[in-house]
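**Student:** Need coordinates for the below:
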Amino acid sequence: MLKKIILSTLLLAGFGLNLLAQKKDKAVEKSPKSETPSPKTKDAYQINITLKGFPNQKFYLGNYFGDKQYLRDSGSTDAAGKIVFRGVEPLEGGIYLIATAQKSLMFDFVITEQFFTLETDSADLIQNMKVKGSTENEVFFTYTRYTSVKGKIAYELDEKIKAAKANGDTASQRKLETEYRKITSDLFEYRKELMKAHPTVLLSKIFRMMTDIDIPEAPRNEKGEIIDSNFQYQYYYKHYFDNFDWSDERLVRTPVFHGKLEGFMKRLTPQIPDSIIKSADIVLGKAAAGKENFKYCLFWITNHYETSQFMGMDKVFVHMVDNYYGKGKAFWADETVIAKMQDRANNLRNNLLGNKAPNLTMLDTAHVYHSLYNTRAKYTLVVFWDAGCGKCKEELPKLKTIYEEYNGTAKEKPTKPGTLPAPKLFDIYGVSLTPNGEDWLKYLRENKLPWLNVYDPNNETGFRRLYDIYSTPVLYILDENKKIIAKRISADQIKEIIKDYELRNAK
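**Tutor:** Okay, here's the model as predicted:
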């Protein structure tokens, strides 16, 4: 129970510090001796912080951005514990942090105003915090002082509840739980009043962003039966971002923004490419109200699904490149980056799941051309391999076993003159990438691979681009119409994929 209170009310507690990236600005100046901005820092920032009890120690200034924290500045306190962070360009608004040289979090604070003073001491960093020149931080630290007291009481109650439960003292347990719920209620009311009194401060906007949507009951017919069993999900999906002020670019620099974005994209959205694309377009349509929010959402969605380990998510990447990066909406990306992304998307678009596989016509060992589309089987495996590839030597014997398991015991029935033999259940179109033709032929002789083996010595087909081949082995499964149903799989996955496909398409 305590953990729930801490996470929902002590806004920034427990996020820790992970200064994974550093942003250096050659124009940043630091001087702990002066509290007055010099003329050349006019319209920039200056934050004066006094940490009594921490003399002559190094500290970092960082900020939250998405799910990470970034180093923005550093400096050392003087003998009185004073440190000044200043720079020639204003700091972006959001939640910032002070951390020790060991990267241990001291406290968080808000940057909206660019010139203000914070003063505290080692006895109690939060309770003794004094703020000058920043309404945002006055509100922020008033709240954190209140919740730190409530959090301490909640912790003590939680320990007593555990003890009462262990001793079987149900009367005491009920009484303690009532007190605990009262704290939760007090915190909830405090936040409501804070949002009412200070609607535009960042803390209020964070609280609204954290607030879950009230979902109405599903409508019923005259008999009291629910009309639409999916109503509540659809309502929540449609109204998930109702409490977001997307125009406020400070939101992306808080520890809450990323979690809400990820919750919508990964947990509320079915992890199917078309559903993800729909959700991505909704998010980016809303995020366009604030450039920094849009930038983060577009980058995270594109990167997350480009690097996904789940098959088929490359369709999301292609959509993002075609509809955002390729249309000039990624205002921060230069032409070189966009060109590389478009080239990558072009390598993927022809081999997306659900697409008909590009046809290949290649030479066999007797220099006779064979078309992929002429293979007659309910399922066709296209394997790109190299006789010198160690992993290929592990996979090919497995493929041979699977091939014989599906087809080896079935004797081909005689056919009438002029008719084709009955289609196989499973066939393989094996494409060799072996540089030396003799090595390929030797491997075939020694291992007797029983399927159609072909190669493209003059690169007539462009198969590397069509099938995104940059390593070996690569395996694709096609259905009887040569539609791609699986790609970049291992031999061990083939039977399970076919079984699952059969179940999903059973009539």
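**Student:** so the residue most central in space within the chain, which of the three states?
**Tutor:** By CA atoms, centre = their mean, the chain has its centre lying nearest to His304, at 4.4 Å. Under DSSP: H, G, I helix; E, B strand; the rest coil, the three-state class of His304 is helix.
**Student:** Tell me who's in contact with it.
**Tutor:** Shown in contact with His304 (CB atoms under 8 Å, 6 or more residues apart in numbering): Met265. Every residue, glycine included, has its C-beta placed from N, CA and C.
**Student:** 6 Å - rerun?
**Tutor:** Applying CB atoms under 6 Å, 6 or more residues apart in numbering, one finds that His304 lies in contact with no residue.
**Student:** Where does the prediction get shaky in the chain?
**Tutor:** 1-43, 408-422, 507 (pLDDT under 70).
**Student:** can you list the domains in it?
**Tutor:** 2-142, 249-349, 361-408+421-504 (automatic domain parsing).
**Student:** what about the first one, distance to the chain center?
**Tutor:** Domain 2-142 has its C-alpha centroid displaced from the chain centroid by 28 Å (CA atoms, centre = their mean, to the nearest Å).
**Student:** And stretch 226-244, by the same measure?
**Tutor:** On CA atoms, centre = their mean, the centre of stretch 226-244 falls 23 Å from the chain's centre.
**Student:** Check stretch 145-163 too.
**Tutor:** Using CA atoms, centre = their mean, the offset of stretch 145-163 from its chain centre is 34 Å.
**Student:** now swap in stretch 344-360 and tell me
**Tutor:** 24 Å.
**Student:** can you list contacts of that stretch?
**Tutor:** Taking CB under 6 Å, 6+ apart as the rule, stretch 344-360 contacts 312, 314-315, 318, 321, 372-373, 461, 463, 465-468, 478, 482-484.
**Student:** May I see the buried residues of that stretch?
**Tutor:** Arg344, Ala345, Asn347, Arg349, Asn350, Asn351, Leu352, Leu353, Ala357, Pro358, Leu360 (16 or more other CB atoms under 10 Å).
**Student:** continuing past the helix or strand that contains the third one, what's the next helix or strand?
**Tutor:** Remark: Asn347 resides in helix 335-349, with elements defined by DSSP states H and E. Using DSSP H and E, the helix or strand that directly follows helix 335-349 along the chain is strand 361-363.
**Student:** Please identify the buried residues of the helix or strand following that next one?
**Tutor:** Following strand 361-363 in sequence order, the next helix or strand is strand 369-371 (DSSP H and E). Under the neighbour-count criterion of 16+ other CB under 10 Å, strand 369-371 has His370 buried.
**Student:** Strand 369-371: how far from the chain's middle?
**Tutor:** Worked out by CA atoms, centre = their mean, strand 369-371 lies 43 Å from the chain centre.
**Student:** Can you get me a residue count around Leu118?
**Tutor:** 21 (other CB atoms under 10 Å).
**Student:** Helix or strand: which one has it?
**Tutor:** strand 115-121.
**Student:** name the helices or strands packed onto that strand?
**Tutor:** strand 45-52 (3 or more CB pairs under 6 Å, 6 or more residues apart in numbering; DSSP states H and E).
**Student:** Show residues contacting the following helix or strand past the strand it packs on.
**Tutor:** As assigned by DSSP H and E, the chain's next helix or strand after strand 45-52 is strand 58-65. For strand 58-65, contacts defined as CB under 6 Å, 6+ apart pick out 19, 69-74, 76, 85, 94-99, 101, 253-255.
**Student:** do that again at 7 Å, thanks
**Tutor:** Outside strand 58-65, the residues within contact range by CB atoms under 7 Å, 6 or more residues apart in numbering are 19, 69-77, 83, 85, 94-101, 252-255.
**Student:** thinking His198 is in contact with Val139, fair?
**Tutor:** Yes. With contact defined as CB atoms under 7 Å, His198 counts as touching Val139 (5.2 Å).
**Student:** Could you list the buried residues of the helix or strand containing Glu438?
**Tutor:** Assigned by DSSP H and E, Glu438 falls within helix 437-447. Within helix 437-447, the residues that count as buried by 16+ other CB under 10 Å are Trp440, Tyr443, Leu444.
**Student:** Adjacent strands (with direction) for the strand or helix carrying Leu71?
**Tutor:** Using DSSP H and E, Leu71 sits in strand 68-76. Strand pairing for strand 68-76, determined by DSSP bridges: strand 19-22 (parallel), strand 58-65 (antiparallel).
**Student:** Could I get the contacting residues of the nearest residue to Pro450 once chain neighbours are set aside?
**Tutor:** With sequence-adjacent residues excluded and distances taken as CB to CB, 6 or more residues apart in numbering, Pro450 is closest to Tyr403, at 6.2 Å. For Tyr403, the contact set (CB under 7 Å, 6+ apart) comprises Phe426, Ile428, Pro450, Trp451.
**Student:** hang on, the earlier thing: filter the contacts of stretch 344-360 to the buried ones?
**Tutor:** Applying 16+ other CB under 10 Å to the contacts of stretch 344-360 flags 312, 314-315, 318, 321, 372-373, 461, 463, 465, 467-468, 478, 482, 484 as buried.
**Student:** Going by distance to His239, which of those residues wins?
**Tutor:** Lys315 (27.1 Å; CB to CB).
**Student:** Give me the distance between the closest one and Asn303.
**Tutor:** 15 Å (CB to CB, to the nearest Å).
**Student:** Out of the contacts of strand 58-65, which end up buried?
**Tutor:** The buried subset of the contacts of strand 58-65 (16+ other CB under 10 Å) comprises 19, 69-75, 77, 83, 85, 94-99, 252-255.
**Student:** Helices along this protein, start to end?
**Tutor:** In the chain, the segments counted as helices under DSSP state H are 2-9, 135-166, 170-197, 202-210, 231-239, 257-262, 273-287, 291-306, 314-320, 335-349, 390-407, 437-447, 463-466, 494-504.
**Student:** quick one on the thing from earlier: so which of the contacts of Tyr403 is the most crowded?
**Tutor:** Among the contacts of Tyr403, the one with the most neighbours (other CB under 10 Å) is Ile428, at 25 neighbours.
**Student:** show me what contacts that one?
**Tutor:** Taking CB under 7 Å, 6+ apart as the test, what Ile428 contacts is Leu381, Val383, Leu399, Tyr403, Trp451.
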